[in-house]
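# below are the sequence and a predicted model; questions follow.
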Amino acid sequence: MMNRREWLAVLAGAAGGAVAIGAMEYFAARNTIPLMAVPFATSIVLVLGSPEVDAAQPRALIGGHLISTMVGLLVLWVAGPTPWAAALAVGLAMVAMHATRTFHPPAGIDPLLVVVNAMPWSFLLVPVAAGALALALFAYAWHLAVRRFNWPTRWW
């Protein structure tokens, strides 16, 4: 059974997740990028809901999304937008994230989105790089101001 302090941390994380998703929806709608093409909803849940785990640290959050997206773009360039290429891209992204110590499970959707939707290389910058960086900054500010939690446990 959780104590009052743990419940407050859960509620603060949930409120931050709702604020972040609302902001993400707002910017996606204004830039005509479908929200489902912005791969951060599960990242928000992880970073705000379990901020102490390795996968929720900035290196994994930002690096995982960048590396997974690059893998997806490379596989798309070599193999085209086929279901088998999408599957291969996800598997290769998992290997690449582990090899670079940037394993962030929510980023596993990035190469699938890239290959299935034949995303352009610009997808790496917007929404992926810009979004991952914005999410890290939002999480830092949210944890500091609302939760009084020292996040991240390490920057790199």
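Okay, I see it.

# element containing Gly13?
helix 4-30 (DSSP states H and E).

# any idea how far that helix is from the middle of the chain?
In terms of Cα atoms, centre = their mean, to the nearest Å, the centre of helix 4-30 is set 14 Å apart from its chain centre.

# same check, this time on stretch 109-121
Counting by Cα atoms, centre = their mean, stretch 109-121 comes out at 14 Å from the chain centroid.

# check stretch 112-129 too.
13 Å.

# with stretch 55-64 instead?
For stretch 55-64, the distance to the chain centre is 8 Å (Cα atoms, centre = their mean).

# CA atoms of that stretch as PDB?
The C-alpha coordinates for stretch 55-64 follow below in PDB (Å, rounded to 0.1, in the frame of the first residue of the first chain):
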ATOM      1  CA  ALA A  55      15.400   4.200 -19.500                       C
ATOM      2  CA  ALA A  56      13.900   7.500 -18.200                       C
ATOM      3  CA  GLN A  57      17.200   9.400 -18.100                       C
ATOM      4  CA  PRO A  58      18.000  12.100 -20.700                       C
ATOM      5  CA  ARG A  59      20.700  10.000 -22.500                       C
ATOM      6  CA  ALA A  60      18.200   7.200 -23.100                       C
ATOM      7  CA  LEU A  61      15.200   9.500 -23.800                       C
ATOM      8  CA  ILE A  62      17.000  11.600 -26.400                       C
ATOM      9  CA  GLY A  63      19.500   9.100 -27.600                       C
ATOM     10  CA  GLY A  64      17.000   6.300 -27.900                       C
END
